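# sequence isn't available, so here's the structure alone:
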C-alpha cells in the first residue's frame, strides 16, 4: 500500500498558519507516514519548508474571479486524496476526490480560542499546540544578520524582539510609542545591557524606525532581512518578545519564548498568543469590549513588559525571590 496522501489548505496569513500548525502533527498521528501537500499564501510558504511529512507546498497568489482556486484545482484534482483538511472552508475541497474531508465552516465558531477550534475541527481531543520548524538554513540566515550587529555598539547581551506592525487596520500600536517604550526600557536598570531588535517584513521599515532610532547603538535591525522562517530564527534568539497582534506574535509564542501581545479592537481572548509564557496588554481589558489601540498607553505596555520580565527572566536568576 502507498503512503496516505493529505491536502492541507491553510491561510494566506502567517498568524493563521501558525495557529493551525499543530494540524501537521495531528495528520501524522491519524495517518502515519502521510505525505502532505500544503496550499497557502506566499508569505507563510517558507514556514512549511521543514515541517514533518510535508513534501510539497503550493503557493496561492490571489487572483481575480477566484482564479487562484482554479489554479489549485488543476494541481490537485487528479490525485486521490486520503484526507483533505481545509481551514479556509473553500468549495474546492468538495470538488476533488477524497476519502475524508475536514472543512471549516462558521458553525465551528463557538467562542473557543482559535487553537482549540482548529484542534476540534480535526478531531483532536486535546489542543494542538502551534509549532515552528526551524532548520539550519533559517538559523544561519538569522545569525548572518544578528551576529555582526552584536559585535558592534554595546556588544552582546540579552535581546528583546519587537514587532511594531500588524497588517490589518487598527491593530498597529502607533510607531512613536514603540520609540517611547524603548526609551523607558533603556532607562530601566533591569534592562541594562539589553539589545532591542525590531523584526518585520520589507514594508515594515516606517513603523520600526522610531524603535531603532531610540535604541541607537543598542539596536539590532532585523526588518526586511529574511523570510518568515529566518525571522522566526531571529525571534528564537530573543529573551523576550513584544509585538502587535500579528503573525510574528504567534511565531514567538509557538517558539516558547516569553511573549507579550498588544491588542486594540480585536478579540484578545480568541487570538491571544498561545502558550504558558504568554501575556496580553489590551486597550480594553474587559472580555467582549473593545477600544482603539491608540488607547493603549506607553505606561500600560511598559508595566506589562516589566511583569513579563519578572515572571520569566528575573525569576530564573539565582538569588531572585
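Good, I have the coordinates. What you are looking at is a predicted structure, and each value in this text was computed from that prediction instead of being measured. Numbers count the residues shown, from 1 in each chain.
# mind checking the SS state of residue 307?
Applying DSSP: H, G, I helix; E, B strand; the rest coil to residue 307 yields a three-state assignment of helix.
# any stretches of the protein with poor pLDDT?
When residues are selected by pLDDT under 70, those of the chain lie in 1, 153-154, 316-321.
# can you show me the helices along it?
Secondary structure of the chain (DSSP state H): helices at 14-19, 22-30, 67-76, 114-121, 136-150, 175-186, 205-215, 228-236, 247-255, 268-271, 298-312.
# residues in contact with residue 46?
Residues near residue 46 by Cβ atoms under 8 Å, 6 or more residues apart in numbering: 227-229. Every residue, glycine included, has its C-beta placed from N, CA and C.
# about what we covered before: identify whichever of the helices of the chain lies nearest to residue 280.
Ranking the helices of the chain by proximity to residue 280 (Cβ to Cβ) places helix 268-271 first, at 4.7 Å.
# buried ones in the closest one?
Neighbour-count burial for helix 268-271, counted by 16 or more other Cβ atoms under 10 Å, picks out 268, 271.
# what's next to it, contact-wise?
By Cβ under 8 Å, 6+ apart, helix 268-271 touches 15, 19, 111-114, 245, 261, 263, 280, 282, 287-288.
# what sits against the residue nearest to residue 300 when sequence neighbours are not counted?
Counting by Cβ to Cβ, 6 or more residues apart in numbering, the nearest residue to residue 300 once its immediate chain neighbours are dropped is residue 281, at 5.8 Å. By Cβ under 8 Å, 6+ apart, the residues touching residue 281 are 260-263, 296, 300-301, 304.
# if we go to 7 Å?
Applying Cβ atoms under 7 Å, 6 or more residues apart in numbering, we find residue 281 in contact with 260, 262, 296, 300-301, 304.
# over to residue 20?
If you count contacts by Cβ under 7 Å, 6+ apart, residue 20 has them with 10, 87, 118.
# equivalent analysis for residue 7, please.
Residue 7 neighbours (Cβ under 7 Å, 6+ apart): 37, 39, 76, 81, 84.
# ok, of those residues, which one's closest to residue 170?
The closest of the contacts of residue 7, once distances to residue 170 are taken by Cβ to Cβ, is residue 39, at 28.7 Å.
# in contact with the closest one, which residues?
7, 9, 58, 60, 72.
# need these in JSON lines (columns: distance to residue 173).
Converted to JSON lines, the contacts of residue 39 look like this (distance: Cβ to Cβ, whole Å):
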{"residue": "7", "distance to residue 173": "37"}
{"residue": "9", "distance to residue 173": "32"}
{"residue": "58", "distance to residue 173": "34"}
{"residue": "60", "distance to residue 173": "30"}
{"residue": "72", "distance to residue 173": "36"}
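# let me know how buried the closest residue in space to residue 13 that isn't next to it in sequence is, in neighbour terms.
Nearest residue to residue 13 in three dimensions, chain neighbours excluded: residue 247, at 6.4 Å (Cβ to Cβ, 6+ apart). By the criterion of other Cβ atoms under 10 Å, residue 247 has 27 neighbours.
# where's residue 247 relative to residue 168, distance?
11 Å (Cβ to Cβ, to the nearest Å).
# got any residues that touch both of those two?
Counting by Cβ under 7 Å, 6+ apart, nothing touches both residue 247 and residue 168.
# hang on, the earlier thing: so which of the contacts of residue 281 is the most crowded?
residue 262 (29 neighbours).
# which residues does it form beta bridges with?
With DSSP bridges as the criterion, residue 262 is bridged to residue 244, residue 281.
# got the contact list for it?
Here residue 262 is in contact with 173, 243-245, 281, 296, 301 (Cβ under 7 Å, 6+ apart).
# now residue 165
By Cβ under 7 Å, 6+ apart, the residues touching residue 165 are 172, 200, 204, 207, 244, 246.
# what do you get for residue 237?
142, 146, 159 are the contacts of residue 237 under Cβ under 7 Å, 6+ apart.
# returning to what we had before: surely the residue nearest to residue 13 meets residue 18?
Yes - contact criterion Cβ atoms under 7 Å: residue 247 and residue 18 qualify, at 6.3 Å.
# spatially nearest residue to residue 89 (excluding sequence neighbours)?
Spatial nearest neighbour of residue 89, excluding adjacent residues (Cβ to Cβ, 6+ apart): residue 104 at 4.1 Å.
# err, residue 221, not the other one
Closest to residue 221 by Cβ to Cβ, 6+ apart is residue 212, at 6.0 Å.
# the one you found contacts residue 219, correct?
Yes - the pair residue 212 / residue 219 is scored as a contact, 4.8 Å apart, by Cβ under 7 Å.
# can you list residues touching both of these two?
With Cβ under 7 Å, 6+ apart, residue 212 and residue 219 have no common neighbours.
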